[in-house]
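In: quick one: sequence plus predicted model below, questions after.
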Amino acid sequence: MEIYLDANATTPVLPQAREAALAAMAEDFGNPSSIHSTGLKARALMDGVRARARRVLGAGQGRLLFLSGATEGIQTAVLSALSALRDAPGRPALLLYGATEHKAVPEALKHWNALLGLHLEVLAIPVGRDGRHDLDWLRAHAPRAGLVCTMAANNETGVISDLDGIAAALAGSPALWMVDGVQALGKLPLRLEDRGIDYAPFSGHKLYAPKGIGLLYVREGAPFTPLLAGGGQEGAWRSGTENMSGIAALGAVLAELEAGRSFRDAATLQGYRDRLAAALQQAFPGLVFNAPPELCLPTTLNFAVPGISAKVLLDLFDAAELRVSGGSACSAAQARPSDVLQAMGLPSWQAAASIRLSFGPVTDPAFIDEACARIAVCGASLRDSCLDPSAPGLAVPADGLTRFVVDGACCYLLADAATRRAVVVDPLPELTDRLAQWLRCQGYGLAAVLDTHSHGDHASSAGELWSALAQVPGPIDALGWPAGADAIPLGTRRLTRLPVPGHTLDSTAYLLHDAQGLRLVFIGDTVMPGALGRSDFAQSAPLDYAASLVRLQQAVGGDTLLLPGHDYDDRFASTLAVERAAQPLLADVLAGRLDAAGFAQAKAVLECDLGLTAYQTVACGARVDGGCSGADSEMALTELQALLARHPDLLLVDVREPYEQRLGQAPVLGPRVRCEAVALSGLPDALVEWQTLPPTTPVVFFCRSGNRSSQAARALRRLGHAQAWSLRGGLALLPRPAALDAALAI
Ligand code: PLP
């Protein structure tokens, strides 16, 4: 069963609302503007819903318009206020909005301010660490304000605004006042008329009505300009035939609310939230809440876990079929901090790692029990993966290579289970705590911490990592290599080094050998998939670059996997053969068509022309690269079924991380299909194995959403395996996770 904890994004439709909508479509389907009986019935229904909404919202003599949702309500309110300001004598100078407002508000202000040619100054009202408006600031600016927009409750944090305090701060101000009531509907008494609010938009889908129906309150006497002109519906304030099924559904929700049925009272909801909060704290002991619970809606929790990214938590929760949302926008390489949390002055790690958990007021204790149980399972899974910074783990000793990426910079951890030792290549300061925690939890010691080159602008974080583990290295050189050693042994593996000056004078490649021979190379920034590292730094050796590349080719050949120090667009790895075909400059120097000086000169021109974006620009323009989009390598489930019928030797690869796979959602595939679990962080190592697959063997990757599997398929394709695919939409689009088995008829 799915546990949906993202009610602030949208809610399911209440059964009573579904029934009412269906009845409005099947029986009472009339147009409320028609004057025959069918129309009159529809009008009566609509009037009844409006009257209900008036009571619930305390709308008094104000107008309530049905429209499509809050975004339209916000536009209408802003247009109305700004049109009035345009014509006002002694026009006020400021438009103010709360710094944590939903994007629809500042965007509407900017849009209409420009379109109407007002060009008033638009300012954000600062909020405190508790997320509440700075009322002194507001009081000081109110006399010059023409419109003030403040939400009743915040969608990310649940922080409830002090509407009475705001009303007091606005006393005597000429400003019109809009209150975005979206998240407060059904959860807080709004008393719109009493408070002197001029405009208040609402969306039905945040409270168990369908999407596409909303309300706008307009105070009696407040200026109004219609957004939509036409047939004159809603007293010509909002033209367009009304969404009667939506109105009927909203009416059914409001009826439940008014009658005190279905909806839980605030104290009960607070009890639910406290139980969820306790379950979270127990599952993730270092967890911090991002807003004071006593100031928040009783249905919203926003938190971060130090040392664990929002992406990891989202994937983890989703694997446990707990739907929550990230307070920030995440991509594979970067997480953008939440604007709301930044406005509250939270540190950027916290603003970037935040998770929102929200439930609706129609929730029962069994649902909360199940949610708490799943939260506990998520915590256990992280601990077992040694990813919870606060807890010792029970993880199976890890073996092999793991890749970490921070803003495009790559760090590799090579672990050896037999000797319980590990080597870290290109440590990153952002990862020190996480790596140290992981190594401690696994009971591993450091054999070496190596940099592939020194950095002009910052010191290596190798020292920090050694200290974090309370280990002291023996004598080492500036890049961390043990003095006098030819090789670093690691169980059956061994690392050797090859100087490759160019990017910097001390650039060094580390060659990893196993029992079979040379396995792969940590190449640093000398060769990046689709590009070469820069050589225009003060510490670069541009004239040495060509010879280094030639030496590299002699030492490792064309087909050995090269793992880069930077990977800006999820390419993972490359080989010299692939790069020769993609980069004419590299091909020329390796074929001896360009000498050291000619190569350095051509490269300098490239760097000068393309500047800092050289990597990405060259990468996307590379010739045999398959482009930068994954659409060509995606396949639908039906295509996978067909492929499986033709290719029983097909290899399916689950690229979700172990902490997701551990939650029991991994499809248990029957004996007919070969299935491997290779987390994306372990992909580089697996790519070595897959290089030797017969070219006709299809490899199909799958994950939760289709994003990570698409990266894996493209990475394998770039290495020349054309039969690499990903399952479009991932497990999320299958009816049930285990349905992959059923769908493949195993
Ligand atoms: N205001 C708030 C506080 C919201 O949470 C939302 C939706 O997330 C909106 C406005 C916009 O609502 P809609 O997308 O339904 O128009």
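Out: Cool, got the structure. Source: prediction; values computed, not measured. Numbering: from 1, shown residues only.
In: get me the contact residues on the chain for the ligand.
Out: 69-71, 102, 104, 151, 155, 180, 182-183, 203, 205 (C-beta under 6 Å from any ligand atom). (Each C-beta comes from the backbone N, C-alpha and C, glycine too.)
In: which pair in those residues has the greatest spatial separation?
Out: M151 and H205 (16.9 Å; C-beta to C-beta).
In: tell me which of the two has more neighbours.
Out: Neighbour totals were compared for M151 and H205, and M151 leads with 25 against 22 (other C-beta atoms under 10 Å).
In: could you count how many residues lie near the nearest residue to the more buried one once chain neighbours are set aside?
Out: Spatial nearest neighbour of M151, excluding adjacent residues (C-beta to C-beta, 6 or more residues apart in numbering): D180 at 4.0 Å. When neighbours are counted by other C-beta under 10 Å, D180 registers 29.
In: same check on the one 10 residues further on?
Out: A total of 22 residues lie near L190 under the criterion other C-beta under 10 Å.
In: was I right about it contacting L57?
Out: Yes - with contacts counted by C-beta atoms under 8 Å, L190 reaches L57, the gap being 5.4 Å.
In: between these two, what contacts are shared?
Out: 181, 200 (C-beta atoms under 8 Å, 6 or more residues apart in numbering).
In: who does the helix or strand containing A366 touch, helix- and strand-wise?
Out: Assigning secondary structure by DSSP states H and E places A366 in helix 365-384. Packing partners of helix 365-384 (3 or more C-beta pairs under 8 Å, 6 or more residues apart in numbering; DSSP states H and E): strand 3-4, helix 266-283, helix 310-319, strand 322-323, helix 658-660.
In: tell me the most buried of those?
Out: For the helices and strands packed on helix 365-384, the largest average neighbour count (mean count of other C-beta atoms under 10 Å) is found in helix 658-660, namely a mean of 23.
In: name the next helix or strand downstream of that one, please.
Out: Tracing the chain past helix 658-660, the next element assigned as helix or strand by DSSP H and E is strand 674-677.
In: how about that next one: buried residues?
Out: Across strand 674-677, burial judged by 16 or more other C-beta atoms under 10 Å covers C675.
In: list the residues that contact L57.
Out: 64, 181, 185, 190, 192, 200, 202, 215, 217.
In: tell me the secondary structure for the closest residue to V406 other than its chain neighbours?
Out: Nearest residue to V406, sequence neighbours excluded (C-beta to C-beta, 6+ apart): E430, at 4.7 Å. Under DSSP: H, G, I helix; E, B strand; the rest coil, E430 falls in the helix class.
In: cool, and the one 4 residues further on?
Out: Assigned state for R434: helix (three-state reduction, three-state DSSP).
In: tally of neighbours for the closest residue to it other than its chain neighbours?
Out: Sequence neighbours aside, G307 is the residue nearest to R434 in space, at 5.7 Å (criterion: C-beta to C-beta, 6+ apart). By other C-beta under 10 Å, 18 other residues sit near G307.
In: tell me which residues touch G307, please.
Out: 286, 389, 433-434, 437.
In: S381 too?
Out: Going by C-beta under 8 Å, 6+ apart, the list of residues near S381 reads 316, 319-320, 659-660, 662-663.
In: follow-up on the earlier one: okay, the contacts of G307 in TSV with neighbour count and pLDDT next?
Out: Formatted as TSV, those follow (neighbours: other C-beta atoms under 10 Å; pLDDT from 0 to 100):
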residue	neighbour count	pLDDT
G286	14	90
P389	20	62
D433	15	89
R434	20	87
Q437	21	87
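In: in these, find the pair that's most separated.
Out: So, these by C-beta to C-beta: farthest apart are G286 and R434, at 12.6 Å.
In: the residue of the stretch 551-700 of the chain at minimum distance from the ligand - nearest residue in space that isn't next to it in sequence?
Out: Nearest residue of the stretch 551-700 of the chain to the ligand: E660, at 27.2 Å (C-beta to the nearest ligand atom). Nearest non-adjacent residue to E660, counting by C-beta to C-beta, 6+ apart: A319, 3.7 Å away.
In: just G165 next, same as before
Out: Nearest to G165 is L135, by C-beta to C-beta, 6+ apart, at 5.2 Å.
In: just L727 next, same as before
Out: In this structure, L727 finds its nearest non-sequential neighbour in F702, 4.1 Å apart by C-beta to C-beta, 6+ apart.
In: bridging residues for the one you found?
Out: D654 (DSSP bridges).
In: what's the spacing between stretch 1-19 and its chain's center?
Out: 22 Å (C-alpha atoms, centre = their mean, to the nearest Å).
In: what's the straight distance from one end of that stretch to the other?
Out: 23 Å (C-alpha to C-alpha, to the nearest Å).
In: stretch 641-654 now?
Out: Stretch 641-654 end-to-end distance (C-alpha to C-alpha) = 17 Å.
In: buried residues in it?
Out: Here stretch 641-654 shows 644, 650-654 as buried, counting by 16+ other C-beta under 10 Å.
In: check contacts around H111.
Out: So H111 contacts nothing (C-beta under 8 Å, 6+ apart).
In: try 10 Å this time
Out: H111 sits next to 75, 78-79, 82 when contact means C-beta atoms under 10 Å, 6 or more residues apart in numbering.
In: what does A140 give?
Out: 134, 169.
In: low-confidence ranges, this protein, go.
Out: 328-335, 388-397, 608-631, 664-671, 735-746 (pLDDT under 70).
In: ok, 50 please
Out: For the chain, residues meeting the criterion pLDDT under 50 lie at 330-333, 394, 611-628, 737.
In: wait, F701 sits on A715?
Out: Yes - checked against C-beta atoms under 10 Å, the pair F701 and A715 is within contact range at 9.5 Å.
In: and for the two, which residues touch both?
Out: 633, 680, 683, 724.
In: backbone phi and psi for the last one, please?
Out: Backbone geometry at A724, expressed as degrees, to the nearest 10, gives phi -110, psi 130.
In: let me see the backbone angles for the closest residue to it other than its chain neighbours.
Out: Leaving aside its chain neighbours, A724 sits nearest to L716 (3.8 Å; criterion: C-beta to C-beta, 6+ apart). For L716, the backbone dihedrals are phi -70, psi -40 (criterion: degrees, to the nearest 10).
In: which residues sit in contact with L716?
Out: Counting by C-beta under 10 Å, 6+ apart, L716 has contacts 572-573, 633, 653, 683, 686-687, 690-691, 693, 699, 701, 722-726.
In: let's see it at 7 Å
Out: 687, 690, 699, 724 (C-beta atoms under 7 Å, 6 or more residues apart in numbering).
In: Serialize these to JSON lines and add fields for distance to S461 and neighbour count.
Out: What follows is the contacts of L716, written out as JSON lines (distance: C-beta to C-beta, whole Å; neighbours: other C-beta atoms under 10 Å):
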{"residue": "L687", "distance to S461": "27", "neighbour count": "23"}
{"residue": "W690", "distance to S461": "32", "neighbour count": "20"}
{"residue": "V699", "distance to S461": "36", "neighbour count": "22"}
{"residue": "A724", "distance to S461": "35", "neighbour count": "25"}
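In: looking at these, which is nearest G232?
Out: Once C-beta to C-beta is applied, the member of the contacts of L716 that ends up nearest G232 is A724, at 59.0 Å.
In: now do the end-to-end distance for stretch 229-247.
Out: 20 Å.
In: strands of the stretch 51-200 of the chain, start to end?
Out: 63-67, 94-98, 121-125, 145-151, 176-180, 199-203 (DSSP state E, counting those that start in this stretch).
In: could these go into JSON lines alongside distance to W466?
Out: Below are these laid out as JSON lines (distance: least, C-beta to C-beta, whole Å):
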{"stretch": "strand 63-67", "distance to W466": "62"}
{"stretch": "strand 94-98", "distance to W466": "47"}
{"stretch": "strand 121-125", "distance to W466": "45"}
{"stretch": "strand 145-151", "distance to W466": "49"}
{"stretch": "strand 176-180", "distance to W466": "52"}
{"stretch": "strand 199-203", "distance to W466": "54"}
